[in-house]
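got a sequence here, can you build the structure:
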Amino acid sequence: MLTSAVQFGGLRFHPGQVSLIGPLIVVAFVICVGAIAVPLLGLAISSSRGALRTWRGRRRRVRAAASAEMRARAMMSELCPHGWRAQITMFAAGEEDEHGRRAHVALDWTELRDESGRPAVMRRVWAPTIGEALDAMVADRRTDETLEQIEQGAVADGALWPDL
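Modelled structure (predicted):
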């Protein structure tokens, strides 16, 4: 403070009695403000981090669900050349699936036989979540396709393959 007064005051500066009370009060005030501001800033940052993590997690789950649906649609469009339909039903209590787990989502899907919309295959899969139900639907259709290929290979080799 003294040097700035000398620099800007020039020759008019005449040092008199210098009191240290003023600068000590300023230093004490800055320390008190810092002692209050630093913990409050830490609290604000930690709570905003939690809110940011929650928002990112929710956003990630929504994107994952949307991408799961888009993947399932694309795969089913490839696996069912004449088209397909699906209906998702959600249950509050949940039915037990084949492994004894509680499944809250039932997905009924139908493969269409031709462009007329007649069903060729109708199935139901159970899962705890919609994403898992969509994955189960695609896996079910892949299994059907594999079995169809095995049947066609057996018929091509001359085996009698009875259709029930």
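
which helix or strand contains the spatially most central residue of the chain?
Compute the mean C-alpha point of the chain, and by CA atoms, centre = their mean the closest residue is R61, 1.8 Å away. In this structure, R61 is located in helix 21-79 according to DSSP states H and E.

one more: I150?
Going by DSSP H and E, I150 is part of helix 130-156.

what do you get for R124?
Applying DSSP H and E, one finds R124 within strand 119-127.

tell me what angle that strand forms with helix 130-156.
Computed by axes from the mean of the first three to the mean of the last three CA atoms, to 10 degrees, the angle separating strand 119-127 from helix 130-156 equals 140 degrees.

quick thing: my sequence starts at 22, can you match it?
Let's use 22 as the start, then, which means that last one is strand 140-148.

can you list contacts of strand 140-148?
The contact list for strand 140-148 (CB atoms under 8 Å, 6 or more residues apart in numbering) reads 103, 116, 118-119, 124, 126-134, 154, 156-158, 161, 165. Using the backbone N, CA and C atoms, a C-beta is placed for each residue, glycine as well.

quick one: pLDDT of E117?
Reported pLDDT at E117 in the predicted model: 66.

what's the answer for Q38, then?
At Q38, the model reports a pLDDT of 69.

over to G55?
Note on G55: pLDDT of 91.

next, count neighbours for it.
Residues near G55, counting by other CB atoms under 10 Å, number 11.

for this protein, give me the ranges with low pLDDT.
Residues of the chain meeting the criterion pLDDT under 70: 22-39, 114-122, 124, 182-185.

quick one, the helix holding I171 and helix 42-100 angle?
Computed by the same axes, to 10 degrees, the angle separating helix 151-177 from helix 42-100 equals 30 degrees.

name the helices or strands packed onto helix 151-177?
helix 42-100, strand 105-117, strand 123-133, strand 140-148 (3 or more CB pairs under 8 Å, 6 or more residues apart in numbering; DSSP states H and E).

for the ones you listed, which one ends up most surrounded?
The highest mean neighbour count among the helices and strands packed on helix 151-177, using mean count of other CB atoms under 10 Å, belongs to strand 123-133: a mean of 19.
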